[in-house]
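Asks: make a model of this:
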Amino acid sequence: MTNLKKLRKVENLIKIISEPLAASIDFQLDHLTTLTLPAVVFIIGKFEHLSVIKLWLVLVTVASFLIGFIGKTSGYRHLKAHHEGDKLP
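Replies: Purely as a prediction, here's the structure:
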């Protein structure tokens, strides 16, 4: 399959995904930027549709977990550590 055929398939996939989103009131084209990574991997690489989606979902899942984990662990403070503006018990 040539890259041009892959590009057309990706364009069709984006159209299918974007049509329901376009009906929403607050939709903007930049909301589709999250699909650029799987589109590039599909066009450049020699992966199947399902493999690209699986790789993308694993990447997004791991990144989301790590962002949440870092946020929870970096917010830890010792009970005796007080900062200006803190409400003291």
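Asks: next structured bit after the helix or strand bottoming out on mean pLDDT in the chain?
Replies: Ranked by mean pLDDT, DSSP states H and E, the helix or strand of the chain with the weakest confidence is helix 3-22, at a mean of 76. On the C-terminal side of helix 3-22, the closest following helix or strand by DSSP states H and E is helix 36-44.
Asks: gap between that next one and the chain center?
Replies: Here helix 36-44 is found 13 Å from its chain centre; the criterion is Cα atoms, centre = their mean, to the nearest Å.
Asks: let me see the mean pLDDT of the helix ranked longest in the chain.
Replies: Longest helix of the chain, by residue count under DSSP state H: helix 49-74. Taken as a whole, helix 49-74 carries a mean pLDDT of 85.
Asks: may I see the buried residues of that helix?
Replies: Counting neighbours by 16 or more other Cβ atoms under 10 Å, one finds that the buried residues in helix 49-74 are 52, 55-56. Backbone N, C-alpha and C define where each C-beta goes, glycine included.
Asks: ok so, going back, if you count contacts, what does the least confident helix or strand of the chain end up packed against?
Replies: Here helix 3-22 touches helix 36-44, going by 3 or more Cβ pairs under 8 Å, 6 or more residues apart in numbering; DSSP states H and E.
Asks: what angle separates the helix it packs on from helix 49-74?
Replies: 150 degrees (axes from the mean of the first three to the mean of the last three Cα atoms, to 10 degrees).
Asks: what lies in contact with helix 36-44?
Replies: Contact partners of helix 36-44, identified using Cβ atoms under 8 Å, 6 or more residues apart in numbering, comprise 3, 6-7, 9-10, 14, 47, 49, 52-53, 55-56, 59.
Asks: the longest helix of the chain: how far from the chain's middle?
Replies: 8 Å.
Asks: quick one, what contacts Val62?
Replies: Contact analysis of Val62 by Cβ under 8 Å, 6+ apart lists nothing.
Asks: and the gap between it and Ser18?
Replies: Distance, Val62 to Ser18, by Cβ to Cβ, to the nearest Å: 26 Å.
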